[in-house]
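fold the stuff below for me.
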Amino acid sequence: ENPGVSRWLIALSGALTLVYLGWWLDFRHLGAWFLYVPLFIGELYHVWQSFGYLHTIWEQKKIPEIRPKFFPMVDIFITVCGEPLDVVTRTLEGALGIDYPNFKVHILNDGLVARKKNWEEIADLSKRYPINVITRTTPGGAKAGNVNHALRVTNAPLFALFDADHVPLPQFLNKTVGYLEADPKMAFVQTPQYYANKDRNFLTQAAWEQQELFFGPICQGKNRHNATFWCGTNAVIRRAAVEDIGGVPEDNIAEDFMASLLMHERGWNSLFVPEVLSHGLAPTDLKSYYDQQFRWSRGSQEVLFKFNPLFRRGLTFAQKMQYLYSAGYYLNGFIVAIDAIIPLIVLSTGILPVVDTTSNYSIFFLPFIILTLYILMRSTRFTITFRAIQLTMSSFFIFLTATISVILGTKNAFKVTSKVEQEGNYLIYALPNILYIWLAVLVITLAVVREGVTASVVTNSAWVVFNAVFLSSFIRVAYPWRRAWRNAVSKAREALWFRGVRGAQVVEEKALVYEIRDDHKAST
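Numbering: from 1, shown residues only. Predicted coordinates for the structure are as follows:
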């Protein structure tokens, strides 16, 4: 059972959610229908996502630890596409230091086909380390094509996959391979993506807190439904499962999510091990974050619109729902836009979507939202903060453009998230947020001049200010406010992390959302 949230509290939250939905279904509150309908759709979305989260965390059983007995051969793949040599070398050395008797390390060098300047440097790593460098000469399929090419020239029954910046810990294979060995239908075992540089700046902190929510209660809850999906890195995968679906899908920029759907559809199992077994890097600048979130959003929504899990025959109902919850998260862009724009319209025109008093609405809304937020906080052991929610809402335009891109069928190239902090002025990515704040000041002023300080003006102004505060985080990280010395201190802290100076102390401090076992703490 979920150690953080009792079932009666989850059930109470579900009941209050239904009560709140009942208020919206009482159409006596209907004002202007063309404003009420989009608001109603938005609230249906919030209720659906709330029930999805409650359904996911209803039961989170601890998985038993299974160590490998026969130690099957494992090919370790490190995907590289222009990442800095020192970043790749750090991951390579971590892979070579894995405590497991039967593996081989391969660098999947895509630098040549992607026209990266350092591809030869990466190829030369085979002269310095006992590894195999696989350099593609024929492009196609981005990361998925790179992995498929490597699978054609290797033969181990299992392969572990790491992005260039994700450094595995020595016990990675000993903590994961046993589950694949014990269950011949286990397609892959996924572990968390932990950001070692989370303290670099506001963006890395907020991005990590988003990860804590996903790789904490959400992924642990998916285990109950055999609905964990492959997250692209820090996983061990069975070659036969990938071959069964015809290889890693090359026509979706979220190839891992799509591959998981196809494997589950064909009866394969999956598992999430809630233990930090590698250390990676969060995007440190807004451009990198934008590219990462657009790729995840675009790929997930393509699955939602083109391969809707609801109509996939090989999935259980629970699996269908879990895929819909996860992919549906990125529809949040439209919903945030609706919730942000309608108060502006009301203040500008005086037309009301809802005819009811604020106090009456609050009776239904406040219990729902307060308990929902409390359960969200408690289920993550109070690690998620205002930063993460603020960053999620600020990202609405990324998700919105991804949704439009899927609907229009626009082709989007796979962009590797930068592993080096890029200094610059990225206000262009925050233009929608800046525009909203300027409009907020304008319409509130106009409404006060036109109507005075009425209940309607105060209520809608409060919603506008609420949205403006949440949308402001992109502005904070878009412009290069930080000084060089502050970056230098952060980089030094990150270097100490990877050298293990802080070791177990840092794991204990920063990975509280996971069940870190005593032997894991000791080894790190």
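
quick one: the strands in the chain, in order.
74-80, 103-109, 132-135, 158-163, 167-168, 186-190, 235-238, 269-272, 278-279 (DSSP state E).

okay, these in JSON lines with mean pLDDT next?
Shown next, in JSON lines, are the strands of the chain (pLDDT from 0 to 100):
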{"stretch": "strand 74-80", "mean pLDDT": "97"}
{"stretch": "strand 103-109", "mean pLDDT": "97"}
{"stretch": "strand 132-135", "mean pLDDT": "96"}
{"stretch": "strand 158-163", "mean pLDDT": "97"}
{"stretch": "strand 167-168", "mean pLDDT": "96"}
{"stretch": "strand 186-190", "mean pLDDT": "98"}
{"stretch": "strand 235-238", "mean pLDDT": "98"}
{"stretch": "strand 269-272", "mean pLDDT": "97"}
{"stretch": "strand 278-279", "mean pLDDT": "94"}
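
with mean neighbour count and distance to residue 438 added, can I get these in TSV?
Quick note: C-beta positions are derived from backbone N, CA and C, even for glycine. Output for these, formatted as TSV (neighbours: other Cβ atoms under 10 Å; distance: least, Cβ to Cβ, whole Å):
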stretch	mean neighbour count	distance to residue 438
strand 74-80	26	42
strand 103-109	23	47
strand 132-135	18	50
strand 158-163	25	39
strand 167-168	24	44
strand 186-190	26	43
strand 235-238	26	44
strand 269-272	22	43
strand 278-279	25	41
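
how about a markdown table for those, with distance to residue 429 added?
Formatted as a markdown table, the strands of the chain follow (distance: least, Cβ to Cβ, whole Å):
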| stretch | distance to residue 429 |
| --- | --- |
| strand 74-80 | 26 |
| strand 103-109 | 30 |
| strand 132-135 | 34 |
| strand 158-163 | 23 |
| strand 167-168 | 29 |
| strand 186-190 | 30 |
| strand 235-238 | 30 |
| strand 269-272 | 32 |
| strand 278-279 | 27 |
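
any idea which of the ones you listed gets closest to residue 289?
strand 158-163 (15.6 Å; Cβ to Cβ).

where does the stretch 1-150 of the chain have low pLDDT?
In the predicted model, the stretch 1-150 of the chain carries pLDDT under 70 at residues 1-4.

returning to that earlier point: quick one: closest of the strands of the chain to residue 262.
strand 186-190 (9.8 Å).

centre of the chain to that closest one, how far?
Relative to its parent chain, strand 186-190 has a centroid offset of 19 Å by Cα atoms, centre = their mean, to the nearest Å.

separation between residue 48 and residue 405?
23 Å (Cβ to Cβ, to the nearest Å).

same deal with residue 20?
Residue 20 is 33 Å from residue 405, by Cβ to Cβ.

which one's more surrounded, these two?
Shown here are residue 20 and residue 405; by other Cβ atoms under 10 Å, residue 20 has more neighbours (22 against 17).

name the nearest residue to the more buried one, sequence neighbours excluded.
Spatial nearest neighbour of residue 20, chain neighbours left out: residue 368 (3.9 Å); criterion: Cβ to Cβ, 6 or more residues apart in numbering.

just list the residues touching the one you found, thanks.
Listed by Cβ atoms under 8 Å, 6 or more residues apart in numbering, the contact partners of residue 368 are 16-17, 19-20, 50.

mind running it again at 7 Å?
16-17, 20 (Cβ atoms under 7 Å, 6 or more residues apart in numbering).

one more: residue 297?
330, 398-399, 402.

if we can go back for a sec, what is the nearest of the contacts of residue 368 to residue 155?
Using Cβ to Cβ, the contacts of residue 368 come closest to residue 155 at residue 17, 51.2 Å.

what's the burial count for the closest residue to residue 114 other than its chain neighbours?
Sequence neighbours aside, residue 81 is the residue nearest to residue 114 in space, at 5.2 Å (criterion: Cβ to Cβ, 6+ apart). Neighbourhood size, residue 81 [other Cβ under 10 Å]: 23.

what about the helices in the stretch 401-524 of the chain?
Secondary structure of the stretch 401-524 of the chain (DSSP state H, counting those that start in this stretch): helices at 431-451, 455-471, 473-478, 484-498, 503-510, 518-523.

ok, now the stretch 51-200 of the chain?
Under DSSP H, counting those that start in this stretch, the stretch 51-200 of the chain gives helices at 85-96, 119-123, 125-128, 142-152, 177-182.

which residue packs closest to the residue most central in space within the chain, ignoring adjacent ones?
By Cα atoms, centre = their mean, the chain has its centre lying nearest to residue 211, at 5.8 Å. Spatial nearest neighbour of residue 211, excluding adjacent residues (Cβ to Cβ, 6+ apart): residue 193 at 5.9 Å.

quick one: contacts for the one you found?
211, 215, 231, 233-234, 280.

and residue 250, by the same measure?
So residue 250 contacts 140-141, 144-145, 148 (Cβ under 7 Å, 6+ apart).

circling back: and the pLDDT for the residue nearest to residue 211?
We have a pLDDT of 92 for residue 193.
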